[in-house]
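Q: Give me the fold of what follows.
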Amino acid sequence: MAQLREIKNRIDSIEGTQKITSAMYMISTTKLRQAKISRDNNAVYFNALKNMLERLLRHLPSFDHPYLRVSDKPKEDQVHAYIVVTADRGLAGAYNLNVIKAADKLAGEDGGRTQLFVVGEAGRRYYHNHGVKYEEGFVYSSERPTHARSRAITEIVLSKFEDGLIDDLKIIYTDMKSAIENDVRVRQMLPLVSAFDKMKNVPGDIYNEEFLLSPSPREVLNAVVPNYLNGYIYSALIESFCAEQNSRMLAMQTASDAAVSIVKDLSVKYNRARQQVITQELTEVSAGAEAIGAFMD
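A: Below is the predicted model of the structure:
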């Protein structure tokens, strides 16, 4: 009987967990649907802004600007800043770990010193538990990204770059490639010199329209780049939020399927054990009846 109670308790516990995973799956489905709408609405604006910046950089005259300037410090003295976009919660498969692993690998390749601007409580908790220093005043949630949040992030990192406190800036986030696949992306945001050189090397047969930069190329760049960074950060936050919900959906679906399989196996085990108990009881009753009959005779 003790074994039956133990199996029954396990079945009840797993069924309770399955209800939770099924509910989390439905919640993630709803959040993903809403996040996709925000992503699609933002895509038109961001693509237009990105194309405008590319056109602008192709027509810029050669001049010195902080946004285009590569640090001439020795490699060991350079400060590399990373915006690491994680989730606020776990239970999303390897979503958080993949981003953190990419950040650690990149920091090792870049050398020098690092500053981590971590979005999401899961990432901050990981770095805290592993004794890794990060910007503790940079406390931003990954839940339901907004333009206001991305603007605040842009102001912080851009101010540090302009003040020379960081030498370059990269953002590490997750792109939802498909319904079953997520990819970790690393994009350099500052300085723009890499993108600048790449964009200027265009084929000669492409039409280059004439640009009039007023009041000056410097002022135009000062106005456009912060908006571009804000748009890119917002897009990365939305894309990461989509990927997070997608990862959680897959993880909860896998957990629910595993729970169904385990309950099925335990039910078979429970029925066998119950049958053994019934058989044993019948055997004992039969033996008792025979003993009573023999005594009466």
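Q: Can you classify E281 as helix, strand or coil?
A: helix (DSSP: H, G, I helix; E, B strand; the rest coil).
Q: er, I171 I mean
A: Classified using three-state DSSP, I171 is strand.
Q: Just the pLDDT for the spatially closest residue to it that is not a sequence neighbour.
A: Counting by CB to CB, 6 or more residues apart in numbering, I171 lies nearest to I83, which is 4.3 Å off, once chain neighbours are set aside. To be clear about C-beta, it is placed using only N, CA and C from the backbone, and glycine gets the same treatment. Looking at I83, its pLDDT reads 96.
Q: for T30, same thing?
A: 90.
Q: show me where the stretch 1-150 of the chain has helices.
A: Per DSSP state H, counting those that start in this stretch, the stretch 1-150 of the chain carries helices over the ranges 2-59, 95-110, 121-129, 147-162.
Q: The stretch 151-297 of the chain now?
A: 193-200, 217-296.
Q: Indicate which one of the ones you listed is closest to G123.
A: helix 217-296 (10.9 Å; CB to CB).
Q: picking that back up, please produce CSV containing the helices of the stretch 151-297 of the chain, extended by distance to N42, mean neighbour count and mean pLDDT.
A: Listed next are those as CSV, based on distance: least, CB to CB, whole Å; neighbours: other CB atoms under 10 Å; pLDDT from 0 to 100:
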stretch, distance to N42, mean neighbour count, mean pLDDT
helix 193-200, 20, 14, 51
helix 217-296, 6, 16, 84
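Q: Could you dump these into a markdown table with distance to Q3 added?
A: Converted to a markdown table, those look like this (distance: least, CB to CB, whole Å):
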| stretch | distance to Q3 |
| --- | --- |
| helix 193-200 | 66 |
| helix 217-296 | 5 |
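Q: so which of these comes closest to V186?
A: helix 217-296 (10.7 Å).
Q: That closest one versus helix 147-162: what angle between them?
A: Helix 217-296 runs at 120 degrees relative to helix 147-162, counting by axes from the mean of the first three to the mean of the last three CA atoms, to 10 degrees.
Q: Skipping its backbone neighbours, what lies nearest I11 in space?
A: L266 (5.1 Å).
Q: again with Q18
A: The nearest residue in space to Q18 (CB to CB, 6+ apart) is A259, at 3.9 Å.
Q: For T17, which residues are in contact?
A: 255, 259 (CB atoms under 8 Å, 6 or more residues apart in numbering).
Q: measure R274 to M176 for me?
A: Going from R274 to M176 by CB to CB, to the nearest Å gives 47 Å.
Q: The residue nearest to I171: neighbour count?
A: Neighbours of I83 under the rule other CB atoms under 10 Å: 26.
Q: For it, list each beta-bridge partner.
A: F117, I171 (DSSP bridges).
Q: could the helices of the stretch 1-150 of the chain go into TSV alongside distance to Y67?
A: Listed next are the helices of the stretch 1-150 of the chain as TSV, based on distance: least, CB to CB, whole Å:
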stretch	distance to Y67
helix 2-59	10
helix 95-110	19
helix 121-129	27
helix 147-162	8
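Q: Pass me the low-pLDDT residue ranges in the stretch 51-200 of the chain, would you?
A: Along the stretch 51-200 of the chain, segments meeting pLDDT under 70 span 193-200.
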